[in-house]
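Undergrad: Sequence first, then the predicted structure, then my questions.
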Protein chains: 2
Amino acid sequence: MPTFSVDSTSPTPIYAQLDRSIRAAIATGELESGAQLPTVRQLAVDLSVNANTVARVYAQLERDGMLETRRGVGTFVRESPSPQASRAHRERELGELTKRFIGDAALLGFTLPELISQLRNEEMK
Amino acid sequence: MPTFSVDSTSPTPIYAQLDRSIRAAIATGELESGAQLPTVRQLAVDLSVNANTVARVYAQLERDGMLETRRGVGTFVRESPSPQASRAHRERELGELTKRFIGDAALLGFTLPELISQLRNEEMK
DNA sequence: CGTAGTGTCCTAATGTGATAGTACAAGCAG
DNA sequence: CTGCTTGTACTATCACATTAGGACACTACG
């Protein structure tokens, strides 16, 4: 059972935090293909947020092809959640993402080795 | 002349992004003690943001003791902003950055180990 | 003095995020 | 079928973020 977390005091909207949490959980393998996510109502209780907020995140992730929902059954991780774009395109996008990540973290005073160990921590979760 | 940046398409409120940018600039020494910040109106133009939004961030940072404002003169970095106070803030921001990085990369189909090796490559440059 | 530049304050309007509550639709087990 | 659980849809309400525009207070400078 995955454990998502949101911070209701953060200026970042709850839906955005939950969206990233779920994407990250899938990316790290914490949520495997076909795994069932908590029900809308259950996750709402666990996170102390409104069920509508959870439902909208699930709906958005389904629109994005990450999840598959079956009415009356539950919500599951899709088999092939990553639609393959061209390799070159993906590499280029990743490069930009990485550059931005490093830049933002550098503004906070973090160095590259610290970022790597941070990702390792995520890997261990 | 520090260069702050905000992303109006991000779900994170502009005021929060700007707040973070300024704190980061001070924390990293990019903005030294006593340095003058851009004027409220000028920064608003630079960032394509409303002057009220900038003014409120400045006011908030002054309440937090980071800045000092002098009417009719400008806004300046306070002499001794405590570096310890920003540590928890930095850790939290790094957590959000990391989660976002992983989530965005997941959209491209990249997994955590791939991200780590990507950062390793950057390290070698 | 007058002027320009600065921060501050105010109102109004719009859009979004989050909530509560209710109701409906689809699947499964008895 | 009945009952339960699931996702979905809708209204209404509240709070906040952002914008526009204007007005005011203070300071430096000629």
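TA: Perfect, thanks for sending it. Residues are numbered from 1 along each chain as shown, chains lettered A, B, ... in the order given.

Undergrad: How much space separates the closest residue to DNA strand C within chain A from residue A:53?
TA: Taking Cβ to the nearest atom of the strand as the measure, chain A has residue A:72 as its residue closest to DNA strand C, at 2.7 Å. From N, CA and C alone the C-beta is placed, and that goes for glycine too. Spatial separation of residue A:72 from residue A:53 under the definition Cβ to Cβ, to the nearest Å is 21 Å.

Undergrad: okay, those two: which has more neighbours?
TA: residue A:53 (18 against 4; other Cβ atoms under 10 Å in any protein chain shown).

Undergrad: Where does that one sit, in terms of helix or strand?
TA: Counting by DSSP states H and E, the element that carries residue A:53 is helix A:51-63.

Undergrad: Can that helix be said to contact DNA strand D?
TA: Yes. Counting by Cβ under 7 Å from any atom of the strand, DNA strand D has neighbours in helix A:51-63: A:51, A:52, A:55, A:58, A:59, A:62.

Undergrad: Please enumerate residues in contact with that helix?
TA: A:14-15, A:18-19, A:22-23, A:37, A:40-41, A:43-44, A:47, A:67-69, A:75 (Cβ atoms under 8 Å, 6 or more residues apart in numbering or on different chains).

Undergrad: following that helix, which helix or strand comes up?
TA: Note on helix A:51-63: by DSSP H and E, the next helix or strand toward the C-terminus is strand A:67-70.

Undergrad: strands paired with that following strand, and their directions?
TA: Sheet partners assigned to strand A:67-70 using DSSP bridges are listed as strand A:74-77 (antiparallel).

Undergrad: Spell out which residues of chain A are next to DNA strand C.
TA: The interface of chain A toward DNA strand C, taken as Cβ under 7 Å from any atom of the strand, is made up of A:8, A:13-16, A:48-53, A:70-73.

Undergrad: buried subset of the residues you listed?
TA: Using 16 or more other Cβ atoms under 10 Å in any protein chain shown as the burial test, the residues of chain A next to DNA strand C include A:14, A:15, A:16, A:49, A:53 as buried.

Undergrad: Downstream of whichever strand or helix holds residue A:106, the next helix or strand is which one?
TA: When secondary structure is defined using DSSP H and E, the element that contains residue A:106 is helix A:87-107. Scanning forward in sequence from helix A:87-107, with DSSP H and E defining helices and strands, the next element found is helix A:112-124.
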